[in-house]
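**Student:** need the 3D shape of this:
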Amino acid sequence: MSQLSAGAHANVVLNPGQVLRVSTGGAATVLSAYGAPAGTSTVTATTRDFGPYTVPAKLRVDALSGSATYQVGTQAQAGDLGYALGGGVPVYSPLGLRRIRRQLEDAQFKVASINAVGDSITFGWGSDNADPNYPTGNLSAPTDAIGDSAGWVGQLRRMLAAQYSGVGTGRAGFIGPKQTGAVLSGSGGGTPGEGQGIHNYALYLVSGATLTYTVPACTNIDIYYWESSGTGAFTVTIDGNANTVAFGSGNEVYKVVSYTGLANTTHTVAITTAAITTQCGLRYHSGYGVAVGRFGRAGFSASDSIGLGDFNVLTPAASKANALNSYAMVANALNIVAFSNNDFSRQASYGNSIAEYESTLRAIVAKTTSAGGCTLLLGMTARDPAHPSPATGPVAQSAYWDVMRKIAQDTDHVAHARMVDVMGDWAVARAAGLLVDGEHPSRMGHGLIASSLFRLLMNIPGEAGPLVAGA
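**Tutor:** Numbering: from 1, shown residues only. This next block holds a predicted model:
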């Protein structure tokens, strides 16, 4: 490890596969001379990795204020920072997950939040092991109950509950308004996607609707919602005790109302609205544990998730304008963002360029970081090259994963992993029983995703972290 005083600089040459780690308590810049993405990156009061690159690269490190240290080491993808020892999915820039590591370290005393945001795979398609007679059959969506239990999000939730809270006691969780445990009645209505929140389960309610949750034993309940324009209110009734939530002057502003000090028993929560409101979900906990939210919408792309895409399901228009804010819904959370399959497959039919894909992901991670959280950009399964609905554009699926990796390498509080590294390409995963069709995992495939992520989360390096694999 070499140290630079303020005003000093050093030129560093990396061989293919090597990584430059720069740490500073002040400010430093890293300029690419060749081999690395062009431009200058600023490192402020943190540690950041640059690389690995597939060709030799030359970087210049300047210490602007305070001292800076730099170190060159190896960071092969298969075992990135010793992750092969933990058995997790190979990951780029795992130090970018250190914020959720801090949350998990304290999860026996405080609640930690993980939000899984993505498309049909995150919803849980395929987890019912339905056989569509691929490629001629059509896979149907599993019920919410199946998707939330057998899908990778539900399986990961149970693994974390067993680790931190014990099975069935004192656990933390998140219930979407269209998931099991939520019943809609009255004159109001809506379907997933009509409202806007972390997708899929925002529910657009009109006056007279009642949404009733059955909530496991807990002492704390947080209700997430969008405040509609105009005046109005909705009533939250917990175990027969009613409370009115008055609207402010916001126009489609994402908000949360919290209730604490409840008896540690099961609860009935009824939400009745007197004006248009969008209910986005209910988080429950007893002050500790890990709450894992499942927010997958079939067919969604990254751009769709922030109101820029072509699904046009977000109403009213103000929801589209504020959609990006939903990624800051829970402070200090880990957002696992798993968009790429639909972005790739619809690149020509929807006209979403890979440049737009990159700018969308960068906006998402910036919003998450500003709320004190971090992001895992997760590339999912490899798509069948002979899919009956093939991608017609010129960009390969791997290019979308490369964008994720690039963002993780040049942006703090971001990491990247791709499930193809543990599942294999489509032919291998299909033959192993990990896929039920051209891209959706089977229940076992969902289990592999969940267990891989669980081991990854249990082995996030500390603030400094080993630079050399296996160190």
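**Student:** what residues does stretch 123-131 touch?
**Tutor:** With CB atoms under 8 Å, 6 or more residues apart in numbering as the contact definition, stretch 123-131 has outside contacts at 137, 139-143, 146-148, 150-154, 200, 294, 296-298, 435-437, 440-443, 445-446. All C-beta atoms are positioned from the backbone trio N, CA, C, and that covers glycine.
**Student:** end-to-end on stretch 454-461?
**Tutor:** End-to-end span of stretch 454-461 (CA to CA, to the nearest Å): 14 Å.
**Student:** list the buried residues of that stretch.
**Tutor:** Neighbour counts over stretch 454-461 (16 or more other CB atoms under 10 Å) mark 454-457, 459-461 as buried.
**Student:** so where do the helices sit in the stretch 301-450 of the chain?
**Tutor:** Applying DSSP state H, counting those that start in this stretch to the stretch 301-450 of the chain gives helices spanning 302-305, 317-322, 341-345, 354-370, 397-410, 420-423, 426-431, 443-457.
**Student:** lowest average confidence, helix or strand, in the protein?
**Tutor:** helix 83-86 (a mean of 43; mean pLDDT, DSSP states H and E).
**Student:** please, where are all the helices along the stretch 151-300 of the chain?
**Tutor:** Secondary structure of the stretch 151-300 of the chain by DSSP H, counting those that start in this stretch: the helices cover 152-164.
**Student:** for it, which segments count as strands?
**Tutor:** Shown for the stretch 151-300 of the chain, the strands assigned by DSSP state E, counting those that start in this stretch span residues 173-175, 182-186, 203-205, 209-218, 220-227, 233-238, 241-246, 253-259, 265-273, 277-285, 289-296.
**Student:** just checking: what are the partner strands of the fourth one?
**Tutor:** Just to be clear, that refers to strand 209-218. Applying DSSP bridges to the sheet, strand 209-218 is found paired with strand 182-186 (antiparallel), strand 265-273 (antiparallel).
**Student:** go on, the fifth one?
**Tutor:** On the basis of DSSP bridges, the sheet neighbours of strand 220-227 come out as strand 253-259 (antiparallel), strand 277-285 (antiparallel).
**Student:** what's the angle from the shortest one to strand 241-246?
**Tutor:** For the pair strand 253-259 and strand 241-246, the angle between their directions (axes from the mean of the first three to the mean of the last three CA atoms, to 10 degrees) equals 160 degrees.
**Student:** remind me, longest strand of this structure?
**Tutor:** Counting by DSSP state E, the longest strand found in the chain is strand 18-34.
**Student:** buried set for that strand?
**Tutor:** Across strand 18-34, burial judged by 16+ other CB under 10 Å covers 18-24, 27-32.
**Student:** which of the residues you listed lies closest to residue 103?
**Tutor:** residue 23 (22.3 Å; CB to CB).
**Student:** roughly how far apart are that closest one and residue 63?
**Tutor:** Computed with CB to CB, to the nearest Å, the distance linking residue 23 and residue 63 is 11 Å.
**Student:** so who does residue 48 touch?
**Tutor:** 21-23, 30, 41, 412 are the contacts of residue 48 under CB under 8 Å, 6+ apart.
**Student:** next one: residue 121
**Tutor:** Residue 121 is in contact with 152, 296, 338, 341, 380-381, 439-441, counting by CB under 8 Å, 6+ apart.
**Student:** CA atoms only for stretch 221-228 - export them in CSV, please.
**Tutor:** Listed next in CSV are the C-alpha coordinates belonging to stretch 221-228 (Å, rounded to 0.1, in the frame of the first residue of the first chain):
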residue,chain,number,x,y,z
ILE,A,221,-46.2,-1.2,11.6
ASP,A,222,-45.2,1.2,8.8
ILE,A,223,-47.6,2.1,6.0
TYR,A,224,-46.2,3.4,2.7
TYR,A,225,-48.3,5.4,0.4
TRP,A,226,-48.5,8.1,-2.3
GLU,A,227,-50.3,11.2,-1.2
SER,A,228,-52.6,12.3,-3.9
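**Student:** now that stretch, how far from the centre of its chain.
**Tutor:** For stretch 221-228, the separation from the chain centroid amounts to 20 Å (computed by CA atoms, centre = their mean, to the nearest Å).
**Student:** where does pLDDT dip in the stretch 1-150 of the chain?
**Tutor:** 1, 74-87 (pLDDT under 70).
**Student:** at 50 instead, please
**Tutor:** For the stretch 1-150 of the chain, the stretches with pLDDT under 50 are 75-85.
**Student:** for it, what spans make up the strands?
**Tutor:** In the stretch 1-150 of the chain, strands defined by DSSP E, counting those that start in this stretch lie at 2-4, 9-14, 18-34, 40-50, 57-65, 68-74, 91-92, 111-118, listed in chain order.
**Student:** so how far is the shortest one off the chain centroid?
**Tutor:** When you say that, I think you mean strand 91-92. Strand 91-92 sits 15 Å away from the centroid of its parent chain (CA atoms, centre = their mean).
**Student:** which strands or helices does it pack on?
**Tutor:** Packing partners of strand 91-92 (3 or more CB pairs under 8 Å, 6 or more residues apart in numbering; DSSP states H and E): helix 397-410, strand 414-418.
**Student:** thinking again about what came up before, can you redo the strands paired with strand 220-227 as CSV with distance to residue 100 and mean pLDDT?
**Tutor:** What follows is the strands paired with strand 220-227, written out as CSV (distance: least, CB to CB, whole Å; pLDDT from 0 to 100):
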stretch, distance to residue 100, mean pLDDT
strand 253-259, 19, 85
strand 277-285, 16, 85
